[in-house]
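# just the structure for this:
(chains A and B)
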Amino acid sequence: MKESTTDDRTLDANAVAGMLETLFGADMTVADSKCAACGREGEVGTLLAYTMAPGVVLRCPACSAVMLRMVETPRGTLVEAKGLAFVRMNR
Amino acid sequence: MATIKAIRDETPRVRSYTLGLPSWTPHRPGQHYDVRLTAADGYSVQRSYSIASGPETDGEIALTVERVVDGEVSPFLHDVAVVGDRIEVRGPIGGYFVWEATLGGPLLLIAGGSGIVPLMAMIRHRAATASRIPTRLLYSSRAPEDIIYANELRDLEARNDGLEVLHTLTRSQPAGWTGYARRIDDAMLAEVRRPLGDAPLVYICGPTPLVEGAANGLVRIGVSAQRIRTERFGPSGK
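All right, here's what the predicted structure looks like:
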C-alpha cells in the first residue's frame, strides 16, 4: 500500500471480478497469487486495478509491478501474465 | 435480465434501484453485480455496483448508485431508467470483500461517501439475522444531506443490539453537531476502535485516499493488516 503508486483512479481487483471470472471461470478475487517481481503473495482481490486504459492492468500493491494485463482486441481477449509467478484457485 | 421494480432517492446524487431477478441466488454481503448497457450499434459498457441489500430479500437485490459526472452507466440509470425497464446484470461477483455473521467480529466498518453501500449490505444482513456482534460504523460524508441511508442507520442503531454509528462531516455540519467534523485521522480511528478491543475485523470502502489513509492508520495504531479488508472505488469503478 505505497501511497506513491496509487491515486484516486486506483481500484481493487474486486472491481474487475466479473471480467476475471469470465476469463478464468471462477471467482479469482479469493485466489492466491504471487508477484514475479518481489515475491509478495496475496489474494487477487488485494491487487491494485487500473481500468482507465483500453484494457485492465493489475499491479502488485507492494512493489507496483504489473502482474496481469487484459485487453479486448478485435481478434480476442489478450491476457499477458508474465508478472504473475503463480495463481492458485483454492478448493 | 433484471427488471427495475423500484427507484428511491437517497440523496441528491444517489439513488437506490430494486431489481427483480428471475434467477436469483443469495449473495454474500459485500459482493457486486455487473451492469452492462449495450447500444443499438453494439457498443457496450459495463460497471460493477455493490449490492446494498442483504441476502435475505428473496428474488431481488438493491443497488445504490451515485451519479458520476461524465460516467456512462450511472447517468443512464439516473436520467433514463424507469420502473419496469429491463437491464442486463451479472452476479453476484467477488468473494474477497464479504462479511457474514458466521465470520464473527467485533466488526469495524469504515465508509467514505457511497462506500457505505457494501457495508450497508453487511449491516442489513447483521440485523436480519438478529446478530449481536459488536459493530461500529465510522461513516465520512461531506455534508449532512450527503449521508446515504441516514434514517435507516438511525433506526438500526436505536435497536440497541450492539450497532453504533459514528459520523464525520468533513465539509459542513448542521448547527449543534456533536459528531466528528474532520477527515478520518489516527486519533479518530483510535477512539472508534477502542471499545472493540485490539483485534476487530475491519472493512473499509470509499475513495482510494480515504481507504489507504484509514488502512494505514489502523496498522499504525496496532490493528493487524490481516484483519483489514479494503475496497477502493474511483470515478470509473462505481
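
# next, residue B:70: secondary structure please.
Three-state call for residue B:70 (DSSP: H, G, I helix; E, B strand; the rest coil): coil.

# residue B:141 versus that one, what's the distance?
For residue B:70, the distance to residue B:141 (CB to CB, to the nearest Å) stands at 22 Å. (C-beta placed from N, C-alpha, C; glycine too.)

# what are the C-alpha coordinates of stretch B:16-33, in PDB please?
Extracted C-alpha coordinates of stretch B:16-33, given in PDB (Å, rounded to 0.1, in the frame of the first residue of the first chain):
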ATOM      1  CA  SER B  16     -31.300   3.000  -5.000                       C
ATOM      2  CA  TYR B  17     -32.700   0.600  -7.600                       C
ATOM      3  CA  THR B  18     -34.600  -2.500  -6.500                       C
ATOM      4  CA  LEU B  19     -34.100  -5.200  -9.200                       C
ATOM      5  CA  GLY B  20     -36.200  -8.300  -9.600                       C
ATOM      6  CA  LEU B  21     -34.100 -11.200 -10.700                       C
ATOM      7  CA  PRO B  22     -35.700 -14.200 -12.400                       C
ATOM      8  CA  SER B  23     -32.800 -16.500 -11.400                       C
ATOM      9  CA  TRP B  24     -31.900 -15.000  -8.100                       C
ATOM     10  CA  THR B  25     -29.200 -16.600  -5.900                       C
ATOM     11  CA  PRO B  26     -28.400 -15.400  -2.400                       C
ATOM     12  CA  HIS B  27     -25.300 -13.200  -2.400                       C
ATOM     13  CA  ARG B  28     -22.700 -12.700   0.300                       C
ATOM     14  CA  PRO B  29     -22.900  -9.200   1.800                       C
ATOM     15  CA  GLY B  30     -20.200  -7.100   0.100                       C
ATOM     16  CA  GLN B  31     -20.500  -8.700  -3.300                       C
ATOM     17  CA  HIS B  32     -21.300  -6.800  -6.500                       C
ATOM     18  CA  TYR B  33     -23.300  -7.100  -9.700                       C
END
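
# report the buried residues of that stretch.
B:16-19, B:21, B:24, B:27-33 (16 or more other CB atoms under 10 Å in any protein chain shown).

# about what we covered before: compare neighbour counts for residue B:70 and residue B:141 and give me the winner.
Comparing residue B:70 with residue B:141 by other CB atoms under 10 Å in any protein chain shown, the one with more neighbours is residue B:141, at 22 against 8.

# near the closest residue to that one other than its chain neighbours, how many other residues are there?
Excluding the flanking residues, the one nearest residue B:141 by CB to CB, 6 or more residues apart in numbering or on different chains is residue B:147, at 4.8 Å. Residue B:147 has 22 neighbouring residues, counting by other CB under 10 Å.

# same check, this time on residue B:38
Residue B:38 has 11 nearby residues by other CB under 10 Å.

# the residue of chain B found nearest chain A: neighbour count?
Among the residues of chain B, residue B:96 lies closest to chain A, at 2.8 Å counting by CB to the nearest CB. Residue B:96 has 22 neighbouring residues, counting by other CB under 10 Å.

# sticking with it, tell me its helix or strand.
Taking DSSP states H and E as the definition, one finds residue B:96 inside no helix or strand.

# secondary structure class of the closest residue to it other than its chain neighbours, three-state.
Among residues not flanking residue B:96 along the chain, residue A:45 sits closest, at 2.8 Å (CB to CB, 6+ apart). Classification of residue A:45 by three-state DSSP places it in helix.

# surely residue A:45 meets residue B:94?
Yes - assessed by CB atoms under 8 Å, residue A:45 is found in contact with residue B:94 at 7.1 Å.

# so which of the two has more stuff around it?
Ranked by neighbour count (other CB under 10 Å), residue A:45 and residue B:94 place residue B:94 first, with 33 against 26.

# list the residues that contact both of residue A:45 and residue B:94?
When CB atoms under 8 Å, 6 or more residues apart in numbering or on different chains defines a contact, the residues bordering residue A:45 and residue B:94 alike are A:14, A:17, A:29.

# can you pick the most crowded of those residues?
residue A:14 leads those on contacts (other CB under 10 Å) with 33 neighbours.

# doesn't residue B:194 fall inside a helix?
Yes - with three-state DSSP as the criterion, residue B:194 is part of a helix.

# would you say residue A:14 is within a helix?
Yes - with three-state DSSP as the criterion, residue A:14 is located in a helix.

# can you map out the strands along chain A?
When secondary structure is read from DSSP state E, chain A shows strands at A:10-12, A:32-35, A:41-43, A:48-50, A:56-59, A:66-73, A:76-80, A:84-88.
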